[in-house]
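# Here is my input; please provide its structure:
(one chain, ligands or ions: 1)
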Amino acid sequence: MKVLLLGGTGEARELAAQLVDFEVVSSLAGRTKDLRLPAGEVRVGGFGGVAGLTEWLRDHPVDAVVDATHPFAATMTEHAVAAAAQVGVPMLVLRRPGWSESSDDNWHWVESASAAADVLPTLGSRVFLTIGRQGLEAFARTGLWTLARCVDPPEPLPTWCTLLLDRGPYDVGAELELLRAHAIDVLVTKDSGGPQTEAKLTAARELRLPVALIQRPPAPAGVPVVETVPAAIGWLRRL
Ligand code: NAP
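Sure thing, here's the model as predicted:
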């Protein structure tokens, strides 16, 4: 059975590694400089929208498409749903669950990066911004001291914030040290979910810091969605 696996996440790499008796082609956008390659065959780069992906699927027939992209990679997911429907290929979305708030948390849910920037001045003055490279510019107008952490440097390089280039997984001890060293008093993050980048939320809870949490784009309608790698394997085996 041949599967197109849209990746760029830890779950996608785990799935590719476990699907030993399937023929898997993993697809990466190729945005990060230091690509973390999954096991097996890999293709890199955009397909060229819905039309490009539809054409790719016609040229490279597969039995299933699994979209295991990041929960915030909404465009890729939308394109995959449309292209798979056009070609008539079964499709599954693997989307890890979001993070859940505990009674010790001080979370402020917002709809977008821009909405987070609006609310920030009411929450603190020294910001730790962990939303990746995309959407950073929305925060320039806050005028607040900001430490922005991303995997690769944004282009052009922002001049209004201090940049920290790093890649998870992170641990709570190091996150606490970082928050203290920069006297951070508010955290901004997307509701990415998963254990790899959760430590900052635990650290913020320990320090009783407010967190502005950007909500996920809605899950796609009309296609099955699972939350774990074993559930995705189960779906493929049933297929
Ligand atoms: P996006 O906005 O949904 O996608 C933008 C375009 O990038 C897509 O239209 C597609 O180009 C191309 N693309 C995205 N994922 C692709 C894939 N797996 N294979 C081939 N082309 C892909 O995506 P994004 O938020 O920029 O994320 C890009 C990649 O980084 C994704 O694979 C995602 O899993 C990973 N990632 C994203 C985040 C995040 O916070 N957004 C975090 C960690 C990892 P065409 O239209 O030309 O096909």
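# now the strand or helix carrying residue 13: how far from the chain's centre is it?
Assigned by DSSP states H and E, residue 13 falls within helix 10-18. Offset of helix 10-18 from its chain centre (Cα atoms, centre = their mean, to the nearest Å): 15 Å.
# For that helix, the averaged confidence score.
Averaging pLDDT along helix 10-18 yields 97.
# for residue 91, which residues make a bridge with it?
Residue 91 has these beta-bridge partners by DSSP bridges: residue 65.
# Wait, it touches residue 62, no?
No. At 10.1 Å, residue 91 does not count as touching residue 62 under the criterion of Cβ atoms under 8 Å. Yep, even glycine has a C-beta here, placed from its N, CA and C like the rest.
# so who does the residue nearest to residue 10 when sequence neighbours are not counted touch?
Counting by Cβ to Cβ, 6 or more residues apart in numbering, residue 10 lies nearest to residue 196, which is 6.0 Å off, once chain neighbours are set aside. Residues near residue 196 by Cβ atoms under 8 Å, 6 or more residues apart in numbering: 10, 168, 169, 170.
# again with residue 229
Taking Cβ under 8 Å, 6+ apart as the test, what residue 229 contacts is 11, 14, 15, 18, 94.
# neighbours around the last one, how many?
Right, the one you point to is residue 94. 26 (other Cβ atoms under 10 Å).
# gap between the residue nearest to residue 10 and the ligand?
10 Å (Cβ to the nearest ligand atom, to the nearest Å).
# ok so that residue is a helix residue?
No. Counting by DSSP: H, G, I helix; E, B strand; the rest coil, one finds residue 196 to be coil, located in no helix.
# Read off the pLDDT value for it.
93.
# Next: residue 35.
86.
# Select from the contacts of residue 196 every entry located in helices.
Among the contacts of residue 196, the members found in helices (DSSP state H) are residue 10.
# Show me how to select, in PyMOL, the buried members of the contacts of residue 196.
Selection of buried members from the contacts of residue 196 for PyMOL, criterion 16 or more other Cβ atoms under 10 Å:
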select buried, resi 10+168+170
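# Pull out whichever of the contacts of residue 196 are also neighbours of the ligand.
Taking Cβ under 6 Å from any ligand atom as the test, the ligand is in contact with none of those.
# can I get the contacts of residue 196 in a markdown table with distance to residue 41?
A markdown table is the format used below for the contacts of residue 196 (distance: Cβ to Cβ, whole Å):
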| residue | distance to residue 41 |
| --- | --- |
| 10 | 19 |
| 168 | 26 |
| 169 | 26 |
| 170 | 31 |
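# Farthest-apart pair in the contacts of residue 196, please.
The two members of the contacts of residue 196 with the most space between them (Cβ to Cβ) are 10 and 170, at 13.2 Å.
# Lowest-confidence one in the contacts of residue 196?
Minimum pLDDT for the contacts of residue 196 is recorded at residue 168 (91).
# So what does that residue look like in phi/psi?
With angles defined as degrees, to the nearest 10, residue 168 sits at phi -70, psi -180.
# Tell me who's in contact with it.
Contacts here follow Cβ under 8 Å, 6+ apart; on that basis residue 168 touches 196, 197.
# ok, of the contacts of residue 229, which come out buried?
The buried subset of the contacts of residue 229 (16+ other Cβ under 10 Å) comprises 11, 14, 15, 94.
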